[in-house]
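J.: A predicted structure for the sequence below; I have some questions about it.
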Amino acid sequence: AGYRSPPQPSFDFAFDEAWVAQVNHVKRKIRSELNLPDWQKYGFGHKRAAEFEQLAASGDDPPGAVARETVAMSLEDFWEKYEKPGRPCLISGIPEFQQWPACQKWTFDGFFKKFRHSHFKVGKDDDGSTIRLRADFFEEYMKTQKDDSPVYLFDNHFKHEKKELLSDYRIPHYFPDDFMALANDDRPPYRWIGIGPKRSGTVMHQDPLCTSAWNTLIRGRKLWLLLPPSTPKRVAKSKDVMLPDDDDEACNHFLDLLPRKRARQDPDFHPLLCVQYPGETIFVPGNWWHCVLNLDDTIAVTQNYVGRHNFASVWRSCREERPCWSYRWLRNMEALAPELAAEARRLNLQVLEIVRGFLTWGE
């Protein structure tokens, strides 16, 4: 379902000129340090394409690296086996079980026909301003691109005509809690639709504020590299094996950096690789490092969340990184979820006791 037929030329020369010019403009904004030819300098889309295809044909490594479950798993079993201990897993069958309209509606042709003149986020510039690209321009780019790490449509704004996308999927029933919803419109970005061309992806990272995440794939395949939270940052980011001319984009990570890391046999490096297929939902617990590569053109939806089993770690992170916002969140908790507010205040007292203990230590 996630594979494309060979692209057909548009034969509309004015349109071709327009989309190429706009995509080049976007590329210069997203990665100002690169000249346009540098988007293909490693040759992952041409001279090293065979290496990529070999990678795309691989399976989980080691076999069973990430547990695979079906939608028959109960909520209680998910909590006990995965969410409480912070263990990743893949769950098949959720979109079909919940009868997501996205299963039928989110095809490449259908999506781009519906939203062809809508603009979607594809990145940020050096000043942090959002860069957007018209959907029909992005479609033509995706059909023909040979870039090492292509432009990725990853949008979290579901307003105006895009609002209907929210009715095309449901929150998987394994994630009933959404405590940041108490912050109302003031909450940080938390949900995205992603349309990723082949070879695009995300660099190695941890999700913000210790939040956990789920990602459901509708079209194509993704390759995930996961590292436990205990992995030191220097190891996770692979800076110790990068050469001066290396990049840290997803394709570089899998084809160049990962083999070097494995050759070094670093005792702190314990990679888990898994392929995510259409209809599968991956659960990524808070603080797990992950790097994701699109093996095909893909369509997915993902959300970060705060639930009963990760509230403590998220609250501590928010208090440290976003204290003013945390205060507003707490005020809303007090009005709408007093028991949760009481838990937040209890966690605050724990921090205070630790600080007091540190200040009086050795007296």
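T.: Received the coordinates, thanks.
J.: got the end-to-end distance for stretch 176-192?
T.: 18 Å (C-alpha to C-alpha, to the nearest Å).
J.: And it, what's buried?
T.: For stretch 176-192, burial by neighbour count (16 or more other C-beta atoms under 10 Å) applies to 177, 179-180, 182-183, 187, 190-192. C-beta coordinates here come from the backbone N, C-alpha and C atoms, glycine included.
J.: what do you get for stretch 95-114?
T.: 95, 97, 100, 102-103, 105-108, 111-112, 114.
J.: what's the neighbour count on the residue nearest to residue 83 when sequence neighbours are not counted?
T.: Nearest residue to residue 83, sequence neighbours excluded (C-beta to C-beta, 6 or more residues apart in numbering): residue 309, at 4.9 Å. Applying other C-beta atoms under 10 Å, we find 17 residues neighbouring residue 309.
J.: If I look at residue 309, what pLDDT would I see?
T.: Residue 309 is assigned a pLDDT of 96 by the prediction.
J.: Next, it: phi, psi?
T.: For residue 309, the backbone dihedrals (degrees, to the nearest 10) come out as phi -100, psi -10.
J.: Which strands or helices does whichever strand or helix holds residue 28 pack on?
T.: Using DSSP states H and E, residue 28 sits in helix 13-30. On a contact count with 3 or more C-beta pairs under 8 Å, 6 or more residues apart in numbering; DSSP states H and E, helix 13-30 meets strand 119-124, strand 130-134, helix 135-144.
J.: got the residue ranges for the strands in the stretch 151-300 of the chain?
T.: 153-155, 191-196, 201-205, 212-219, 222-227, 272-276, 280-284, 289-294, 298-305 (DSSP state E, counting those that start in this stretch).
J.: any chance of those in JSON lines, plus mean pLDDT and distance to residue 145?
T.: Below are the strands of the stretch 151-300 of the chain laid out as JSON lines (pLDDT from 0 to 100; distance: least, C-beta to C-beta, whole Å):
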{"stretch": "strand 153-155", "mean pLDDT": "97", "distance to residue 145": "12"}
{"stretch": "strand 191-196", "mean pLDDT": "98", "distance to residue 145": "11"}
{"stretch": "strand 201-205", "mean pLDDT": "98", "distance to residue 145": "14"}
{"stretch": "strand 212-219", "mean pLDDT": "99", "distance to residue 145": "17"}
{"stretch": "strand 222-227", "mean pLDDT": "98", "distance to residue 145": "18"}
{"stretch": "strand 272-276", "mean pLDDT": "96", "distance to residue 145": "22"}
{"stretch": "strand 280-284", "mean pLDDT": "99", "distance to residue 145": "25"}
{"stretch": "strand 289-294", "mean pLDDT": "98", "distance to residue 145": "12"}
{"stretch": "strand 298-305", "mean pLDDT": "98", "distance to residue 145": "14"}
